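Participant: Got a sequence here, can you build the structure:
(chains A and B)
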Amino acid sequence: MSELTLAQDRTTPQRDATPSELTLERGLAAFRAEVDGPVAAFFSSCVHCGICAQACPFYLETGDPKYTPILKLEPLRRVWENDFTLWGKIKGKLGLQQQVTDEMLTEWEELLYDSCSMCGRCSMVCPVGNDLALMIRKSREGMVQAGHAPEGLIAASVRAIKTGSPMGLQWKTLQVQIEHVQTSSGLRVPVDQEGVEYLVLLSSMEIINFPEYLEAITKIFDHAGVTWTLSTQCFEATNAGIQIGNKDIAAQLVERVVAAAQTLKVPKVISPECGHAFTAIRWEGPNLIGRPYPFRVFHIIEVLDELRASGRIKTEGMETDRLSMHDPCNLARKSGVIDQQRNLMNLVAENFVELKEHGKFQWCCGAGGGVSSNERAEPLKMAAFKRKKAQIEEVNPERMVTMCATCRTQLEEGLEEFNMEIPVVGLTEMIAEHLVEKN
Amino acid sequence: MAAPKTTDQTLGASLRERGVSRRGFMKFCAATASMMALPPSMVPAIAAALEQAKRPSVIWLSFQECTGCTESLTRSHAPSVEDLILDLISLDYHHTLQAAAGDAAERAREQAMHDHAGEYLVIVDGSIPGPRANPGFSTVAGHSNYDMLMETVEHAAAVIAVGSCATFGGLPAAKPNPTGAMSVMDLVKHKPVINVSGCPPIPMVITGVIVHYLTFGRLPELDEYHRPMAFFGQSIHDRCSRRPFYDRGLFAKTFDDEGARLGWCLYELGCKGPTSYNACATMRWNDGTSWPVEAGHPCLGCSEPRFWDAGGFYNAVSVPTSPSGAAVLAAGAVGAIAGGAVAVSAKKETKAALTHRQPVTVEELEAKL
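Facilitator: Just a heads-up that it's a prediction; the model follows:
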């Protein structure tokens, strides 16, 4: 015990009066802290096959080999080799180590942020089972601490912590939308109701760009007799901390959701449609805060499919045009929500055609993982979209359906950029339009 | 099936004729390179070699077997092997797949042996009643399996034994081995024999061996049992998806307990993963869907010699068959101490790294703007 205390005394960084700042040294310490059993196993298993490149839309659509996923991980790999392997230590003695420098990280900033949406397709195809997306997430921890995160993501994280929304949105903006919804639907949007079944969380994008989403769930929950509420304490649950790659920021944002859910004593929480918000709160959350949730987390699509299965959603009429669907990476590949959206599609669409690669092997829209909050990455984001575009052209639908606000925005912008007149609709909204009217 | 005359056509031409795109072809080459752990820079070399290669004539002999190996091969999956597998080679003789029957079928074999003497490949599935067994135990077209094998391999370039029966004798050779069954490598001594074991083997391994042969003009590196190292170099256990549970000492005790439901290690239920070498855990089955251990059943060790006679399928590998000596305990203790020391030192390093990590504040981030 006493030895442990001593050891800690020796290693605790000194916090003096000068304002702390993000430095290379801190970055390297953060990289080191991210090296664990899986990371060591992954790096020592890599057989340099390059198959991850074949899975990456950023590499495929630019053809630039620097976008090979495993190369994006070079800073983390060097830290692992230098500090955690015998060979690296011997190299160190001989002065042969390749060091991670500030210049290197400057160069890698583009590789780790601009050219990666953490879609996880590379992790799926790796023949030795390396989870590359996880290591990108871990590498970003080091990048933030070294002061090499993109400005757009830093600004979003600061706004998320200070204002509660990465876009700087406040409750009063949502209040305006709530009033619109109440007027147009004739239904009440419950706010701060204790003891209901679901706490519904939103993303700023849904509030600003797609207010019809809130109207849709208001209608569906009224139809199915589900009790729910919004919370003034916490209405936003996207997690800029996950995208920039910092667990301290990310944990604070998760704590807000937990606090709001506990105040309202809800047993279930519905994440925003946004894919990364869902994985953040559904999968990373309890690990970030270091304790289990007193509630369960669902994506709206999971909830709707459960209502469908239990016969609580009655629909009428079918969409007759040719529809296809984009699976958000975080929902399908990372969380296994694949059948649910298809069940719902079949409920209301009679001419639904799958993209060739869909479900867990779908292609990313190119905007996730913080790419869309990083203005500098715009050209790369559009380049990566070409993969999705080619997929859409293959089946030539009249409309695209999806269930993530970021994917939807990217699809709309991308299709417009390439002059393809294919509207994009949200699945939840489409279900709401087909509800059997109550007398 | 391809007619023998198309053997003169290059593989590139044959694929184009079949409508395989350049892209599909390159993907196949890249996937093959990675499967065999060759560097990506080899992909163009593989493509160039395959493009120019004459499809080798292949004679497939089936002896004491259940056709499971052929079933496995014809159900091979990505990357589009189902189309490519038969285009890679000129399969001139195969009981199950060929259209010809009777004398015509046997003539096809003789024709191939004559036209491509010294160049054709022989693939064998099934074990063979040995030279001292009753030749009538298994015959094809009136020839005993032994005679047919020896006659066919005489002028072959190499022999690929497919499946555990052909490689190690398999089920027919299990005790008491009533037919005197023997493996190909027991009988064929003067030709190179490559063993692709497994019951059935992974189809991509067969393709991989053929591609390697076409590209480099020689056979791949083999292990002590003549199996290609690229596929049989690592144990099932080392690549198992349940390995983390083994490392943490979490074992399912029965097939329906909590541990089984939580996906814990199947070691105590008799998993032979630690002593079995095969690529199931990484390549998986049925289009990469799953594989036995992932599906909840212990590995039987079907790619290992004499796996039928290696004790019960559901006995744990380390359960001693005879009373264990103190030496074993002592060795175990030394191992545990050494392992523990390594683990402690690794943990220490990680702990130290964690204490060095400083939390990020929003002010620090803001200073960067």
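Participant: Which strand or helix spans B:Ala48?
Facilitator: helix B:42-52 (DSSP states H and E).
Participant: which residues touch B:Tyr120?
Facilitator: Counting by C-beta atoms under 8 Å, 6 or more residues apart in numbering or on different chains, B:Tyr120 touches B:Pro56, B:Ser57, B:Val58, B:Ile59, B:Asp92, B:Ala112, B:Met113, B:His155, B:Ala156, B:Ala157. (C-beta placed from N, C-alpha, C; glycine too.)
Participant: ok, and the closest non-adjacent residue to the fifth one?
Facilitator: The shortest distance from B:Asp92 to any residue that is not its chain neighbour, by C-beta to C-beta, 6 or more residues apart in numbering or on different chains, is 3.8 Å, and that residue is B:Ala112.
Participant: What ranges does the stretch 251-369 of chain B have for its helices?
Facilitator: B:258-261, B:280-283, B:292-295, B:326-356, B:362-366 (DSSP state H, counting those that start in this stretch).
Participant: which stretch in those has the least confidence?
Facilitator: Here the lowest mean pLDDT among the helices of the stretch 251-369 of chain B goes to helix B:326-356, at a mean of 69.
Participant: next helix or strand past whichever strand or helix holds A:Val425?
Facilitator: Using DSSP H and E, A:Val425 sits within strand A:424-426. As assigned by DSSP H and E, the chain's next helix or strand after strand A:424-426 is helix A:427-433.
Participant: Which strands or helices does that next one pack on?
Facilitator: Secondary-structure packing of helix A:427-433 (3 or more C-beta pairs under 8 Å, 6 or more residues apart in numbering or on different chains; DSSP states H and E): helix A:212-224, helix A:300-309, helix A:339-348, strand A:399-402.
Participant: State the paired neighbours of the last one in the sheet, together with their directions.
Facilitator: Okay, so that is strand A:399-402. strand A:323-325 (parallel), strand A:424-426 (parallel) (DSSP bridges).
Participant: which of the residues in the next helix or strand after it are buried?
Facilitator: Scanning forward in sequence from strand A:399-402 by DSSP H and E, the next helix or strand is helix A:405-417. The neighbour-count check on helix A:405-417 (16 or more other C-beta atoms under 10 Å in any protein chain shown) flags A:Ala405, A:Thr406, A:Cys407, A:Arg408, A:Thr409, A:Gln410, A:Leu411, A:Glu412, A:Glu413, A:Gly414, A:Leu415 as buried.
Participant: the inter-axis angle of helix A:405-417 versus helix A:212-224?
Facilitator: Inter-element angle recorded for helix A:405-417 and helix A:212-224: 130 degrees (by axes from the mean of the first three to the mean of the last three C-alpha atoms, to 10 degrees).
Participant: interface residues of chain B facing chain A?
Facilitator: B:27, B:30-31, B:33-35, B:37, B:39-40, B:239, B:241, B:282-283, B:349-350, B:352-369 (C-beta under 8 Å from any C-beta of the partner chain).
Participant: re earlier: list just the nearest of the buried residues of helix A:405-417 to chain B.
Facilitator: Nearest to chain B among those, counting by C-beta to the nearest C-beta, is A:Thr406 at 21.7 Å.
Participant: what about that closest one, distance to A:His276?
Facilitator: Per C-beta to C-beta, to the nearest Å, A:Thr406 is found 8 Å from A:His276.
Participant: go on, B:Ser34?
Facilitator: Where A:His276 is concerned, B:Ser34 sits at a distance of 30 Å (C-beta to C-beta).
Participant: what's next to the helix holding B:Ala48, contact-wise?
Facilitator: B:10-12, B:25-26, B:29-30, B:32-33, B:38, B:88, B:211, B:214-216.
Participant: Kindly recompute the last result at 7 Å.
Facilitator: Contacts to helix B:42-52, defined as C-beta atoms under 7 Å, 6 or more residues apart in numbering or on different chains, come from residues B:Thr10, B:Leu11, B:Gly12, B:Phe25, B:Met26, B:Cys29, B:Ala30, B:Thr32, B:Ala33, B:Val211, B:Leu214, B:Thr215.
Participant: Show me how the chain divides into domains.
Facilitator: Since you didn't name a chain, this refers to chain A. Domain assignment for chain A by automatic domain parsing gives A:22-149, A:164-306, A:315-433.
Participant: Can you look at chain B instead?
Facilitator: If you go by automatic domain parsing, chain B breaks into B:4-232, B:237-309, B:330-369.
Participant: could the ones you listed be laid out in CSV, adding distance to A:Asn346?
Facilitator: Shown next, in CSV, are those (distance: least, C-beta to C-beta, whole Å):
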stretch, distance to A:Asn346
domain B:4-232, 27
domain B:237-309, 23
domain B:330-369, 45
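Participant: okay, which residue is most central for chain A?
Facilitator: A:His276 (1.5 Å; C-alpha atoms, centre = their mean).
Participant: what helix or strand does it sit in?
Facilitator: helix A:275-279.
Participant: residues near the residue in chain B positioned nearest to chain A, how many?
Facilitator: Closest approach between chain B and chain A, counting by C-beta to the nearest C-beta: B:Ser34, at 3.3 Å. Using other C-beta atoms under 10 Å in any protein chain shown, B:Ser34 has 23 neighbouring residues.
Participant: Could I get the contacting residues of the closest residue in space to it that isn't next to it in sequence?
Facilitator: Using C-beta to C-beta, 6+ apart and skipping the chain neighbours, the partner closest in space to B:Ser34 is A:Cys49 (3.3 Å). Neighbour list for A:Cys49: A:Pro127, B:Ser34, B:Pro40 [criterion: C-beta under 7 Å, 6+ apart].
Participant: Pull up the gap between the second one and B:Leu300, please.
Facilitator: Read that as B:Ser34. Counting by C-beta to C-beta, the gap from B:Ser34 to B:Leu300 is 27 Å.
Participant: cool, and the first one?
Facilitator: With distances taken as C-beta to C-beta, A:Pro127 is found 24 Å from B:Leu300.
Participant: ok, now A:Glu319?
Facilitator: For A:Glu319, the distance to B:Leu300 - C-beta to C-beta - is 50 Å.
Participant: swap in A:Phe43?
Facilitator: For A:Phe43, the distance to B:Leu300 - C-beta to C-beta - is 32 Å.
Participant: Briefly note if the strand or helix carrying A:Leu380 comes near chain B.
Facilitator: Counting by DSSP H and E, the element that carries A:Leu380 is helix A:378-395. No - on the criterion C-beta under 7 Å from any C-beta of the partner chain, helix A:378-395 is out of touch with chain B, staying 12.3 Å away.
Participant: Looking at the stretch 1-150 of chain A, what residue ends up closest to chain B?
Facilitator: Closest point on the stretch 1-150 of chain A to chain B, by C-beta to the nearest C-beta, is A:Cys49, at 3.3 Å.
Participant: does that residue count as helix, strand or coil?
Facilitator: coil (DSSP: H, G, I helix; E, B strand; the rest coil).
Participant: Need the pLDDT of it.
Facilitator: 86.
Participant: how about it, phi and psi?
Facilitator: Per-residue torsions, A:Cys49: phi -80, psi -30 (degrees, to the nearest 10).
Participant: By mean pLDDT, point me to the weakest helix or strand of chain B.
Facilitator: helix B:81-88 (a mean of 55; mean pLDDT, DSSP states H and E).
Participant: helix or strand right after that helix?
Facilitator: Next helix or strand after helix B:81-88 toward the C-terminus (DSSP H and E): strand B:90-94.
Participant: May I have the strands that pair with that following strand, each with its orientation?
Facilitator: strand B:57-62 (parallel).
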